[in-house]
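**Q** Whatever this is, show me its structure:
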Amino acid sequence: ERAEVQRNLAVSAQTEAERQSHLVQAQRLASSAIATLDLDPELSILLALEAVETSRAVDGAVLREAEEALHQAVSSNRVVSIAPIQMGGSSLAFSPEGDTAYVGAMFRGDIVTVSSGEVEAELPFPVAVVEIVGADGEWLAIADYNGALSIHDRKTLEQVSTLEGHTAWTTDMDASTDGMTLASISPQSTKSAAGESTAAVWDLSTGDQIASFPLNCEPPACPQHVSLSANGQRIAFGSTIYDVISGDLIGSWTHGEAVALVDDLNAVAVIDGNAALLVDIESGAVIETLPGHHANVTAVAVSGDESHIATGSQDGSVIVWRRLGRQLEPTTKLVGHHGPIAEAEFSPDGRLLGTVGGLFELPADIVFTWPEHWELRVWDVTSTGPGEQMAVAVEATAVAFTPNGVNLVAISDASAIAVLDAASGEAQRIHQTPGKTIRAVALSPDGAVVLAGGSAPSPNGGEVGWLTAMDIESGSLLEDLPLPDATFVPEAV
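**A** This is a model prediction of the structure:
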């Protein structure tokens with residue numbers, strides 16, 4: 001009995017030693033991934049992926065350092081440009097061509113060249129919010145901190161018209177798809193502030209106000225965001241949505257503040273603490289929850305074709321979601337900002353995502369505030385690197401790269417071996433293993449053969465170990481062997 005106890009202790013000690021070895025290796029890989037970010041972004045992604053898989057092999061969980069290294073590696077590979085924004089950052093708009101970004105900042109506005117991140121000019125008037133409008137995107141709608149709204153020629157910056165009606169600070173604007181209808185919201189900042197808190201809709205062909213809606217709120221708990229439907233016929237703010245022409249209430253909900261309409265789903269995206277929600281307009285029911293942030297969600301953007309949604313948070317992170325019918329799946333998490341995300345906006349073609357975020361991380365005990373110094377980051381959200389497209393192409397539970405980095409082998413749905421092109425993420429070959437559950441995958445030293453280990457039902461009940469060998473190039477099965485005494489855990493075999 002004593003000998004048995006000693007054997008158990010020895011096995012336990014060996015298991016713990018192997019566990020610690022895997023964790024140390026994962027930490028080293030994560031550190032190497034961070035160290036190679038600037039030198040070789042693709043290698044950084046591969047190292048981070050290996051760190052994730054190495055740590056997952058311990059107990060199925062991913063080491064936080066490995067996860068963060070992967071986020072940083074992927075994000076670094078997507079950055080198109082970075083521009084300094086010196087005086088806050090409250091709004092962002094892209095030119096129709098997507099080559100210029102207009103940033104509404106604290107009492108000023110910046111015009112930024114997207115490809116280089118150079119601030120090419122400063123708007124020569126106070127700016128709180130900026131929006132691209134006009135049938136061809138030829139105008140800039142500018143809101144200042146006194147409630148004044150004006151329309152300017154985007155090229156010359158000369159004033160075209162004035163929109164009169166608001167008497168308080170305008171915090172947000174949104175335009176219809178044709179650029180000829182504009183919604184704005186102007187909440188009082190304090191109870192003693194002058195003016196009335198309203199949301200309004202404007203006909204830009206005439207400069208007339210089409211409709212005005214009282215916010216019926218007590219400062220500072222007034223809605224700050226407004227969203228206009230693509231056809232300009234519905235306006236959402238706070239927890240309500242109205243018909244612009246009749247003024248009738250269309251729907252209301254109890255979850256958070258409206259920030260963006262998703263017309264195709266008859267839904268509205270709302271901010272609710274650390275998550276964004278998609279809420280059905282008619283029923284008020286939550287269609288989908290978009291979690292993943294560690295602090296309050298502060299910005300939401302919807303692409304022009306409504307195929308993607310981006311959420312930004314006070315924790316400085318941005319998550320891009322892909323729509324699959326009425327469901328959404330995260331495609332990537334972008335990190336790089338060190339302060340809260342003030343604004344997010346897709347380019348007209350949906351290829352780029354601009355985010356305005358703080359440069360400094362906030363102390364943990366501060367609930368919400370804004371730093372003085374900001375930056376605009378423009379990300380390419382259509383290109384995909386190793387590991388990202390994999391998650392879209394197949395549901396993978398374990399992965400391994402070929403030695404030359406050309407291919408990625410993944411276990412798909414625990415019942416198939418998928419060989420992917422590492423650059424494009426496209427599945428080149430998939431070998432189904434009906435009746436077997438695959439738990440681990442590894443490659444031969446020359447990368448020519450993939451080994452997959454798992455289990456299959458035993459004729460006598462229970463499960464029996466199984467090893468499958470497949471030729472990478474042809475996809476042909478080389479061996480399919482029962483191993484009664486073998487047990488495979490979720491890691492490389």
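**Q** so what secondary structure elements neighbour the helix or strand hosting residue 319?
**A** Element membership of residue 319, judged by DSSP states H and E, is strand 318-324. Helices and strands touching strand 318-324, by 3 or more Cβ pairs under 8 Å, 6 or more residues apart in numbering; DSSP states H and E, are strand 308-313, strand 327-334, strand 352-358. The way it works is simple: take the backbone N, C-alpha and C, and place the C-beta from them, glycine included.
**Q** Could you give the number of residues near residue 238?
**A** As a burial measure, the neighbour count of residue 238 was computed by other Cβ atoms under 10 Å and equals 24.
**Q** Measure how the strand holding residue 319 sits relative to strand 352-358, angle-wise.
**A** Interaxial angle of strand 318-324 relative to strand 352-358 (axes from the mean of the first three to the mean of the last three Cα atoms, to 10 degrees): 150 degrees.
**Q** Look up how far residue 177 lies from residue 306.
**A** 11 Å (Cβ to Cβ, to the nearest Å).
**Q** same question, residue 305
**A** Noted for residue 305: a distance of 11 Å to residue 177, by Cβ to Cβ.
**Q** hang on, the earlier thing: can you list contacts of the strand holding residue 319?
**A** 290, 292-293, 306-312, 328-335, 337, 341, 344, 353, 355, 379, 381, 392 (Cβ atoms under 8 Å, 6 or more residues apart in numbering).
**Q** In that strand, which of the residues would be classed as buried?
**A** Within strand 318-324, the residues scored as buried using 16 or more other Cβ atoms under 10 Å are 318, 319, 320, 321, 322, 323.
**Q** now stretch 332-342
**A** Quick answer for stretch 332-342 (16+ other Cβ under 10 Å): 332, 333, 334, 335, 336, 337, 339, 340, 341, 342.
**Q** Would you tell me what the next helix or strand after the host helix or strand of residue 227 is?
**A** When secondary structure is defined using DSSP H and E, the element that contains residue 227 is strand 226-228. Downstream of strand 226-228, the next assigned helix or strand under DSSP H and E is strand 234-237.
**Q** Direction included, what does the helix or strand following that following strand pair up with?
**A** Using DSSP H and E, the helix or strand that follows strand 234-237 in sequence is strand 240-243. Looking at strand 240-243 with DSSP bridges, its partner strands are strand 234-237 (antiparallel), strand 249-252 (antiparallel).
**Q** Show the average pLDDT along the first one.
**A** Pointing back at strand 234-237 there. The average pLDDT within strand 234-237 is 98.
**Q** again, but for the last one
**A** Strand 249-252 shows an average pLDDT of 95 in the prediction.
**Q** Buried residues of that strand, list them for me.
**A** The neighbour-count check on strand 249-252 (16+ other Cβ under 10 Å) flags 250, 251 as buried.
**Q** From the chain's centre, how far out is it? Work that out for me.
**A** The chain centroid and the centroid of strand 249-252 are separated by 29 Å, computed with Cα atoms, centre = their mean, to the nearest Å.
**Q** And the first one, by the same measure?
**A** Offset of strand 234-237 from its chain centre (Cα atoms, centre = their mean): 24 Å.
**Q** now what about it, what contacts it?
**A** Applying Cβ under 8 Å, 6+ apart, the external contacts of strand 234-237 come out as 183, 185, 199, 201, 211, 213, 215, 223, 225-229, 241-244, 250, 257-258, 261, 268.
**Q** and what of stretch 25-38?
**A** Judged by Cβ under 8 Å, 6+ apart, the contacts made with stretch 25-38 from elsewhere in the structure are 43-45, 47-48, 50-52, 54-55, 63, 65-66, 68-70, 72-73, 76.
**Q** how about the helices and strands packed on strand 318-324, which one is nearest residue 84?
**A** The stretch from those with the least distance to residue 84 (Cβ to Cβ) is strand 352-358; that distance is 11.0 Å.
**Q** which residues in the stretch 101-250 of the chain form helices?
**A** Remark: no helices are assigned in the stretch 101-250 of the chain by DSSP state H, counting those that start in this stretch.
**Q** the strands in it, which residues?
**A** All strands of the stretch 101-250 of the chain, identified by DSSP state E, counting those that start in this stretch, fall at 108-113, 119-123, 129-133, 139-143, 149-153, 159-163, 172-175, 181-186, 198-203, 208-214, 226-228, 234-237, 240-243, 249-252.
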